[in-house]
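*Asks:* Please work out how this folds:
(2 chains)
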Amino acid sequence: MSLTEKHAPTKGHDDASHGHDHDLAHHFDNVEQQHDAGNLGMWMFLTTEVLFFGGLFAAYTIYRYKFEKVFEQASNILDPLLGGVNTIVLIFSSVTMAFAVRSAQQGKSKAIVAWLAATIVFGSMFLGIKYFEWKHDATLHVFPTSDFNWTWAREKHAEHEHHESHEPEMRGLVFNSPKVPQSYIDKDSKNPEAKQARLFFFLYFMMTSLHAAHMVIGFGIMAVIMIYAWNGFYSANYYVPVESVGLYWHFVDLVWIFLYPLLYLLGAHLSAGH
Amino acid sequence: MSTMLDVKTGSGAVGASVGHDSKVNYLNHVNTAASWFLTLDHKRIALLYLVVTSFMFVLGGAYAGVIRAELITPKGDFVSSDFYNKSFTAHGVIMVFFVLIPAIPSVIGNFCLPLMLGAKDVAFPRINLISWYVYMAGASFTLFALISGGVDSGWTFYTPLSTTYLNSNVMATATGLFILGFASILTGLNFIVTIHRMRSPGLTWFRLPLFVWAIYATSVIQLLGTPVIAITLALVGVERALGVGIFDPRLGGDPILYQHLFWFYSHPAVYIMILPALGVTNELISTFSRKPVFGYTMIAGSSIAIAVFSFIVWAHHMFTSGLSPYAAMFFSLLTFSVAIPSGIKVFSWLATLFQGSISFDSPMLFAYSFIGLFTIGGMTGLFLSTLGTDIHMHDTYFVVAHFHYVMVGGTIVGYLGALHFWWPKMFGRMYAEFPAKISAILVFVGFNLTFFPQFLLGYMGMPRRYHEYPAEFQVLNLFSTAGALVLGVGYIMPIFYLTWAAFFGKKASSNPWGATTLDWTHTESPPSPHNFESTPVVTADPYDYRVIQKEGALVAH
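*Replies:* Below is the predicted model:
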């Protein structure tokens, strides 16, 4: 959400002087007040986001405490390398975003567009890697639906680790994986840990998909801002929306910085402790 | 700034009603459908909210009528037990989420806040309008859920009942409330930024009217609490759809976690409802006793203290549902401490009244009601925060009576007081004082008749949410239902005389009550589209009655 409270640009662009009045919504006294208000509004919004994710972090904390051993095993199924690469990709996207805001402060409209485009590229890389991770997860049957199978996931994961084999079912773009044999389902139904592992993967998918959804929303906002920037809507006097989307994007990155160790590195951390 | 107005001169305080008709105001300056439904004017958005919250109030009240009618007799003979469950759920959901939470902030707050701050509008007028549409979207979902079969989980949606066992429209209702939450967040966000950044020159924090402090504290809670209920309802939805077991003990999950997450929002939500009403009461008590509020700083601080405490007492809803005894003691102690800031407010109001020039206009009658009912509601809260007595009273009508004293006796009475107080400002017309006084008295009498017997019923052990009850409880239940009728009349009357007054009432001056805040001293009734002719400059404390007279009052000396 961009906290844009400025009137849409006038179509007839005959006024060459780009007067200050164009940059100021009627209910503000001056540009500083408008800028401060937009900024504070975005920080307030991010506060709500912290609490929004906070509910999930609370749930994670409780179940990680209750089911430490299974959470360790489940976390080890995830690939810390891919997660790590994604972390770096996201940090790069934050850097390009910072440059976009810097360009806005200097009133360089075309540079805003370029840096935001770079941010979207890095963001898309992240989602691309995430997509292949989830696709792999599908072959392991760890989606927390009735199809979830812990016995299968551990066995296949171990095979994958030892033989370095690439699953033949990873062809194409759709998530497809063969049905789990009945013997695995029976095994799972007798194993209480299967349910606990399922909770881990539920939290994993809920948190990462909520995070991904925030990124996609960010793309949308950036696209709109790029159109406005391309048309010279922002100036060194008025760039609150660019700054706001910057704050938003840094927040989204920061969520990942917490998710990565909690989900991907937890297993390594707990295993090292034993 | 060429004309610097000074609060102390109180310009426009008396006799500014001449030439009123010809003036352009926010109501008459343009009147197309688009000018209302796409308005960015905080005053018009307030009226949009007024219409929908009033509609929801009548609807929620109708469900209350079903409950009270059913409880006339001990046997469940008026409606089926299934419909009874759906009725009290609908009553709770509608009243809590669609009336009590938004009523004062979104109607009175939206209207008054920029006026009190000397601002032309809230900080984000467009987000303000969006919040109304988000409210409407949430309301549509929820009403759809209620029409297409209803939901019978109670307004608390406790798991695993709501996630595993119910076939009713939990999903649609939860979706509606999820959406609605964003309306609340957007309003809170807007108000916080407005209060921080839109104050007039000279309007320092400690010159703000106390209503503004209350709205500020409310907004903080809305901002911090609402996202948690949003994610919690999302989890309920996912749990229902996928059955992952996050709240289901059979699958390793924990239903108590749901209760923690739910009450982490829903207890602070109680203060979202009551804090604005506390704020309104400050304005009423001060204006109608012609004295500055006693202990201004303490009252302002107590609003913030209540906001802070509200987040650390949630588990007192869970004393009987699997809380460690040590945690229970801790939460009990913290809950007791909420009584301190609440007490500060009540005692300060009494001290304000002391030796004041008190008048008994209808808004003041509501303020008196408020003090009494809020005090009873608050005191009985202490019974429930005491661990031992709570075990006895938990889930009985004692709890029902307690929170209705706070929610209805507090919030709704405060809201009615606010409506009567600001109605002349909103519409530029006075309502008839006599029916307003009758309504205030009927609400007070009817309310007590309805809910006081429920304290006794609860103490004797009548559980809440049951459709039948033992015959020995019938007399008190009859009192309660009779009271509900009186209360209903008290509520319906203002709909008529206030609506009539909005169109045909006697013209109001800009400051009929002789109040001292900027909304009264520096704007017309009704205000012009941009509120102020020029930005007011404030040079004095908010409640200085030395220079401003009440209309019709004899001027001394």
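*Asks:* For chain A, what is the nearest residue in the stretch 401-550 of chain B?
*Replies:* Of all residues in the stretch 401-550 of chain B, B:T535 sits closest to chain A, with a separation of 6.8 Å (C-beta to the nearest C-beta). Placement of C-beta: from N, CA and C, glycine included.
*Asks:* what pLDDT does that residue get?
*Replies:* In this prediction, B:T535 carries a pLDDT score of 88.
*Asks:* Work out for me the element it sits within.
*Replies:* Here B:T535, judged by DSSP states H and E, is contained in no helix and no strand.
*Asks:* Test for you: state the pLDDT assigned to the nearest residue to A:P261 once chain neighbours are set aside.
*Replies:* Nearest non-adjacent residue to A:P261, counting by C-beta to C-beta, 6 or more residues apart in numbering or on different chains: A:H269, 7.6 Å away. For A:H269, the pLDDT comes out at 84.
*Asks:* now swap in the one 4 residues further on and tell me
*Replies:* You'll see A:G273 listed with a pLDDT of 68.
*Asks:* and what of B:V280?
*Replies:* The per-residue pLDDT of B:V280 was computed as 97.
*Asks:* Not counting its neighbours along the chain, what's nearest B:K506?
*Replies:* Spatial nearest neighbour of B:K506, excluding adjacent residues (C-beta to C-beta, 6+ apart): B:M430 at 4.7 Å.
*Asks:* So the one you found sits against B:S509, correct?
*Replies:* No. Using C-beta atoms under 8 Å, B:M430 is not in contact with B:S509, being 9.0 Å away.
*Asks:* of the two, who's got more company?
*Replies:* Between B:M430 and B:S509, B:S509 has the larger neighbour count (other C-beta atoms under 10 Å in any protein chain shown), namely 23 against 18.
*Asks:* In three-state terms, label the more buried one for me.
*Replies:* Here B:S509 takes the coil state, with states given by DSSP: H, G, I helix; E, B strand; the rest coil.
*Asks:* And B:I127, by the same measure?
*Replies:* Note that with three-state DSSP, the state of B:I127 is helix.
*Asks:* Next one: it, what pLDDT does it get?
*Replies:* 95.
*Asks:* what about it, distance to B:T39?
*Replies:* B:I127 is 13 Å from B:T39, where distance means C-beta to C-beta, to the nearest Å.
*Asks:* again, but for B:F447
*Replies:* B:F447 is 35 Å from B:T39, where distance means C-beta to C-beta.
*Asks:* okay, those two: which has more neighbours?
*Replies:* B:F447 (25 against 20).
*Asks:* Near chain A, which residues of the stretch 401-550 of chain B? Just list them.
*Replies:* In this structure, the stretch 401-550 of chain B approaches chain A at residues B:530, B:535, judged by C-beta under 8 Å from any C-beta of the partner chain.
*Asks:* Show me the strands in the stretch 401-550 of chain B, by range?
*Replies:* In the stretch 401-550 of chain B, the segments counted as strands under DSSP state E, counting those that start in this stretch are B:429-430, B:506-507.
*Asks:* which residues are in contact with the first one?
*Replies:* For strand B:429-430, the surrounding residues in contact (C-beta atoms under 8 Å, 6 or more residues apart in numbering or on different chains) are B:423-424, B:501-508, B:512.
*Asks:* Give me the sheet partners of that strand and which way each runs.
*Replies:* Based on DSSP bridges, the pairing partners of strand B:429-430 within the sheet are strand B:506-507 (antiparallel).
*Asks:* State the mean pLDDT of the strand it pairs with.
*Replies:* Mean pLDDT, strand B:506-507: 94.
*Asks:* same check, this time on stretch B:58-66
*Replies:* In this model, stretch B:58-66 carries a mean pLDDT of 96.
*Asks:* before we move on, what about stretch A:121-139?
*Replies:* Mean pLDDT, stretch A:121-139: 93.
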